[in-house]
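Student: Next one to model:
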Amino acid sequence: MKTNKSLKILISSVFAGLLFMTNVVAQDVTVRETPEFNAIEVGGVFNVFLTQAPVYIVEFESQNVDPEKIEAKVKKGVLELSYDGSLPRGGKIIAKISAPYFNSIEASGAVNLQSTNAIEHEKIVVEASGATKIKLNLNTANLSSEISGASNVYYEGVATVHKIEISGASLMKADALVSDVVIIDASGASNIAVDAKSSLNADLSGTSKLTYVSEPASKTIAASGLSKVGSRSNGDVSYHDSKDTMRIKVAGQEVWIMDEDGKKSKKTKKSKFRKTWSGIDIGMNAYVSPIQSLGMRPEADFLSLEHNKSWVINFNVFQKSFPIISNNVGIVTGIGFGFNNYRLADNTVTLVYNPNGIDYINEPDLRMKKNKLVLAHLNIPLMIEFQTQGPKKYHQFNFAAGGNLGILMNSYTRQTYDIDGKTMKRKVDENFHVAPFRYEAVARIGYGGVHLFATYALNSFFKNDKGPEIYPFSVGISLTN
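Tutor: The predicted structure is shown next:
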């Protein structure tokens, strides 16, 4: 009997050893050299292990797949992982990634991603879609989570402020993530669990479900549809009723949307219509003749410009937007200040105010280095803007068109010239019969962080019969908020 038992153990051991050897033979380990990165974007069926460490490492363990089809590229600091083709049956890819820090983690498809230690950074963005599964230990001041599809996300650690956008049939278990402030926008059949110590602000729709484990100092919850809200701290749960209202019975300071009598106490939902006008415009000034030519007529030749030195700078200090079709179409207005420099090409010309109209004199002996006319306007735009919305906030398109009223605030000429080897400056404050109001057509277009603008005046540069008929325009780039 002992002999048979020993024989069985021996046979089992040999079989296990052969199986182990088979797996070892079918498994390939490769290490890739990449530029530095601090963000990761992965799709497909990878199993990813993230480690925060002082060194950059990208290592793959693959089984029953072609290692040459595993792609690892770094673009603008983002490590992109993908597999070229379909993963064969029994195929498996394990990616072991390390970097000094990660500020963005994006997973899609059927990716399984987890951290091996605490991921620490001031601001971290996590995006999950498809059927991904993510487990992270985090320590951050600002965490942004965008979860969709059938993703499952599990957090632990600390996030001072946690902003959540979740939809579809996604699950987020963040009850082990201690936060001071949690802001939630949930829809579909999403399920969320959080731990907010100071403030909880939630907007729920569809059949979404929210559970909070601690009683925060303040709560603001807007719930509609068949959504549910539950508190694990005292066991109270609130449910949707037949009037599409929410009745809440929990302790503490709260703000709710509607009672059973239909009386609204509605919380204003923050608009997702982005501010794309407020900021700074920098561009080039020019003007055209009545026949839309950059070449000036003889009577306006003294106003010809050095276009590469004629600049406009607009400070768009305040914007107010009014969405009219969801968060895609809206009316935009605001207040700003514009400063237009028109650098004269003829350095012998000095502009002169004449009651009958703009005039000039020739001063060839001054040897001017700079000769420009400067205008300052108060700008009030009115535009219709179209915006796209999507999961990536910084990769969205916008287009606006409309008008701008420019109110002339100041005008002057500034000249720099040499006399006997000394540099002299002369400034003359005068309106030079410049039109007090400028009526402009405006167009603006942007994608991601790049915005372009163009303006064209519908009225002449000067008052009627007080100067040549020319129409100013400007084009440039915008640095917006």
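Student: Quickly find the element holding K320.
Tutor: In the assignment (DSSP states H and E), K320 maps to strand 311-325.
Student: now could you export just the CA positions of that strand as PDB?
Tutor: The C-alpha coordinates for strand 311-325 follow below in PDB (Å, rounded to 0.1, in the frame of the first residue of the first chain):
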ATOM      1  CA  TRP A 311      -0.300  93.300 -33.000                       C
ATOM      2  CA  VAL A 312      -3.600  93.000 -31.200                       C
ATOM      3  CA  ILE A 313      -3.900  91.800 -27.600                       C
ATOM      4  CA  ASN A 314      -7.400  91.200 -26.100                       C
ATOM      5  CA  PHE A 315      -8.000  90.600 -22.400                       C
ATOM      6  CA  ASN A 316     -11.400  88.800 -22.200                       C
ATOM      7  CA  VAL A 317     -11.900  89.200 -18.500                       C
ATOM      8  CA  PHE A 318     -15.500  88.100 -18.000                       C
ATOM      9  CA  GLN A 319     -17.700  85.600 -19.800                       C
ATOM     10  CA  LYS A 320     -21.400  84.700 -19.400                       C
ATOM     11  CA  SER A 321     -22.800  81.700 -21.300                       C
ATOM     12  CA  PHE A 322     -26.400  80.700 -21.700                       C
ATOM     13  CA  PRO A 323     -26.800  77.000 -22.900                       C
ATOM     14  CA  ILE A 324     -29.900  76.700 -25.100                       C
ATOM     15  CA  ILE A 325     -29.600  73.200 -26.500                       C
END
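Student: could you say what helices and strands that strand packs with?
Tutor: strand 279-288, strand 329-343, strand 368-387, strand 471-480 (3 or more C-beta pairs under 8 Å, 6 or more residues apart in numbering; DSSP states H and E). No exception for glycine: its C-beta is placed from N, CA and C like everyone else's.
Student: G130: which of these is closest?
Tutor: Closest to G130 of these is strand 368-387 (C-beta to C-beta; 25.5 Å).
Student: Neighbouring strands of the helix or strand following that closest one in the sheet, and parallel or not?
Tutor: As assigned by DSSP H and E, the chain's next helix or strand after strand 368-387 is strand 397-419. Counting by DSSP bridges, the strands paired with strand 397-419 are strand 368-387 (antiparallel), strand 422-429 (antiparallel), strand 437-447 (antiparallel).
Student: tell me the SS of L351?
Tutor: strand (DSSP: H, G, I helix; E, B strand; the rest coil).
Student: Is it bridged to anything, and to what?
Tutor: With DSSP bridges as the criterion, L351 is bridged to Y360.
Student: ok, it - contacts?
Tutor: 344, 358-360, 373, 413, 428, 432 (C-beta atoms under 8 Å, 6 or more residues apart in numbering).
Student: now Y353, nearest residue through space, not along the chain?
Tutor: Of all residues not flanking Y353 in the chain, E430 sits nearest, at 4.6 Å (C-beta to C-beta, 6 or more residues apart in numbering).
Student: what about D365, which SS state?
Tutor: Going by three-state DSSP: D365 is helix.
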